[in-house]
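Undergrad: with the input below, show me the fold.
(chains A and B)
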Amino acid sequence: MPREKYQTLTEQMFYILLCLEEEQCGVDIMERVAAMTDGRVAIGPGTLYSLLESFQKEGFIRETKVEGRRKSYQITVRGQLLLQEEARRLEEQLHHYRTYGKEGRP
Amino acid sequence: MSAKRKYRLETFLPWDGAYVERHLEKMARKGWRLEKAGNPFWTYRKAEPANLHYAMTYFPTASVFDSDPTEEQETYADYCAAAGWELVSAYGPLQIFVNERPHPVPIETDEREKLAAIHGGMKKMLLLPFGILLPLLLLTLVAEFREATRYAPLSFVSSDVQLGLLVLDGGLAAYVAWILLAYLIWYNRSQRAVEAGGACRPTGTRLRRIATRLFLAVLLVASAALLLREPVMWVALPLVLGLTALLMAAIFGCFWWLKSLKLSRKQTRAAYFAAAVVLSLVFRPVTQWSANAIKPLLPSSGHSPVSSYTVETKRSGDITYDIYQDDIPLTLEDLGYTVTEEDHCSYWGKEQSSVLALWSHYRQDAYGENSTLPTLDYQTADIPWTGLREWCWENLSGYYGPYGLHVSFEETDAAPWEADRAMIWPDSSPNLRYLLLYGDRIVVLTLGFTSTAEQRSVITAALRP
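TA: Residues are numbered from 1 along each chain as shown, chains lettered A, B, ... in the order given. Predicted coordinates:
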């Protein structure tokens, strides 16, 4: 089940992992993702909390610092691989679009 | 001065967050803001009317036995606060947040995570309690039916109290089963929709909500109406409800007191269940005492013995019999027997009626030590509804006795009884037991003698409708 869940990352999963290429406090991720995507991708706090929890459980991220209730996280090697795999899949998709699609070629 | 607080009994499907959110937003626009989401009363305080956004979410690992929010729950609340969502109230896994921003980002933006959180909350708040309640209600129903079918179908169908309890139990079981089924269907459909990249399915429609409330209202009114047809229940029902409310208040009081002690979740839970068991045990003598205390208040049935007769026996010592002088439609005298004072005869009769049937039971007993009078015992039941009459006949005519053996009456010639149908108990000496059917009326007759044609016509004249 967990593998199936992460076979294709949702946009929210993708951006959370991308954010955590640098150590980041969990609560700041929402703002950072909004800034990265010009507000196009919004992550709800409940979703962020549960995704961070499951990413940590699966070993895609690790806890790096705890200051009171403020916890910071960073992506792990396993998480990097997952993110790279997703990026490769997206590139392939884009490549297919440009190769076979009728519109949108540069 | 207008009230500053309002308490409302909030009923909703616990997975129907959208409905609760709309309701709270409407209340806020009317100037009532949620202060506490309790169980089952919610507290609102008066405030300036405002356009607020509410969100109902579940934090599955939280428990109603937590004295304070867990650290994880507080972290979750911190994340929500960063997005403008302030925690208003929490009850176990259920949490209500409010946001004053005009267009806030929803707390859940991923449908899969949202569904997982709801399902986690439902396991604790719905599937576990209702999963325990449903078998208990079904067991009660089965026990009631067993009692009725094996021992006393006529007494059962002619008792409004028993029918009222059956309607209540059956209705509640149907309601609980319906809620469980509705959730499981919703969860299953939502799961499929989310797997396909869609959103959780919409929850109940307005029509369904109204229908559910209407069903509960009809159920309560119908069972109360049935129960209150019995005059005794005018005193007994308020007493039972009052005592139940007292017990519930004691259990809830204990629950909140234990939570205020700030014990661990496990300790609070163990202490709560222990206290609930102790309180329930204490409640039993209280109920008994109250039942005795109200006995003088109960309306008299007008059925009481006129005297008593004591017989000295070598084995059991003195035995005292109540002597009744009820007016009964058929006596041994009518059948040609001579009854003297030495027979110490008791004429006993009881009538009971419900919306479905009228049942009468009569007997004449001779307690005199040297009396040679035979037994006379008969019941008549008028049951207009054919299906129910047939059900009663079936259950009277045969049942599973000890060791699972099926014992039953056997068909016999109905002509001598001028009946539509007649059955006789195969091995009933010294008493002969008959089941007779006259139109809507069932007659159960026990005779301590073999009847003559003349006696049969007297019996028929007295007992047929």
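Undergrad: find the nearest non-adjacent residue to the one residue sitting closest to the centre of chain A, please.
TA: In chain A, the centroid-proximal residue (C-alpha atoms, centre = their mean) is A:F14; its distance is 2.5 Å. Spatial nearest neighbour of A:F14, excluding adjacent residues (C-beta to C-beta, 6 or more residues apart in numbering or on different chains): A:E86 at 5.8 Å. For every residue, glycine as well, the C-beta is placed using N, CA and C.
Undergrad: which parts of the longest helix along chain A are buried?
TA: Of all segments of type helix in chain A, defined using DSSP state H, the longest is helix A:77-100. Buried residues in helix A:77-100, counting neighbours by 16 or more other C-beta atoms under 10 Å in any protein chain shown, are found at A:79, A:82-83, A:86.
Undergrad: using PDB, list the CA coordinates for it.
TA: Output of helix A:77-100 as PDB, limited to C-alpha atoms (Å, rounded to 0.1, in the frame of the first residue of the first chain):
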ATOM      1  CA  VAL A  77      18.600   9.800   0.300                       C
ATOM      2  CA  ARG A  78      15.600   7.600  -0.100                       C
ATOM      3  CA  GLY A  79      13.400  10.700  -0.400                       C
ATOM      4  CA  GLN A  80      15.800  12.200  -3.000                       C
ATOM      5  CA  LEU A  81      15.500   9.000  -5.100                       C
ATOM      6  CA  LEU A  82      11.700   9.300  -4.900                       C
ATOM      7  CA  LEU A  83      11.800  12.900  -5.900                       C
ATOM      8  CA  GLN A  84      14.300  12.200  -8.800                       C
ATOM      9  CA  GLU A  85      12.100   9.400 -10.000                       C
ATOM     10  CA  GLU A  86       9.100  11.700 -10.000                       C
ATOM     11  CA  ALA A  87      11.100  14.400 -11.800                       C
ATOM     12  CA  ARG A  88      12.200  11.900 -14.400                       C
ATOM     13  CA  ARG A  89       8.600  10.800 -14.900                       C
ATOM     14  CA  LEU A  90       7.500  14.400 -15.300                       C
ATOM     15  CA  GLU A  91      10.300  15.000 -17.800                       C
ATOM     16  CA  GLU A  92       9.300  12.000 -19.800                       C
ATOM     17  CA  GLN A  93       5.700  13.100 -19.800                       C
ATOM     18  CA  LEU A  94       6.800  16.500 -21.100                       C
ATOM     19  CA  HIS A  95       9.100  14.900 -23.700                       C
ATOM     20  CA  HIS A  96       6.200  12.800 -24.900                       C
ATOM     21  CA  TYR A  97       4.000  15.800 -25.000                       C
ATOM     22  CA  ARG A  98       6.500  17.700 -27.100                       C
ATOM     23  CA  THR A  99       7.100  14.800 -29.400                       C
ATOM     24  CA  TYR A 100       3.700  13.500 -30.000                       C
END
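Undergrad: tell me the mean pLDDT over it?
TA: If you average the pLDDT over helix A:77-100, you get 93.
Undergrad: picking that back up, what's the most distant pair in the buried residues of helix A:77-100?
TA: Farthest-apart pair in the buried residues of helix A:77-100 is A:G79 and A:E86; separation 10.6 Å (C-beta to C-beta).
Undergrad: ok so, going back, following element in sequence after the helix or strand harbouring the residue nearest to the centre of chain A, please.
TA: A:F14 is part of helix A:11-19 when elements are defined by DSSP states H and E. Downstream of helix A:11-19, the next assigned helix or strand under DSSP H and E is strand A:24-25.
Undergrad: how far off centre is that next one?
TA: Taking C-alpha atoms, centre = their mean, to the nearest Å, the mean C-alpha location of strand A:24-25 is offset from the chain mean by 13 Å.
Undergrad: right, is it up against chain B?
TA: No. Strand A:24-25 stays clear of chain B (C-beta under 8 Å from any C-beta of the partner chain), getting no nearer than 9.9 Å.
Undergrad: what strands flank that strand, and is each parallel or antiparallel?
TA: Strand A:24-25 has its sheet partners listed here by DSSP bridges as strand A:70-75 (antiparallel).
Undergrad: pull out the buried residues from the strand it pairs with.
TA: Within strand A:70-75, the residues scored as buried using 16+ other C-beta under 10 Å are A:71-75.
Undergrad: can you list the low-confidence ranges for the chain?
TA: Defaulting to chain A. A:1-4, A:103-106 (pLDDT under 70).
Undergrad: my question was about chain B, not that one.
TA: In chain B (pLDDT under 70), the answer is B:1-2, B:151, B:204, B:299-302, B:399-406, B:428-429.
Undergrad: closest to the centroid, which residue in it?
TA: Geometric middle of chain B (C-alpha atoms, centre = their mean) lands on B:D169, at 3.4 Å.
Undergrad: fine, thanks again, bye for now.
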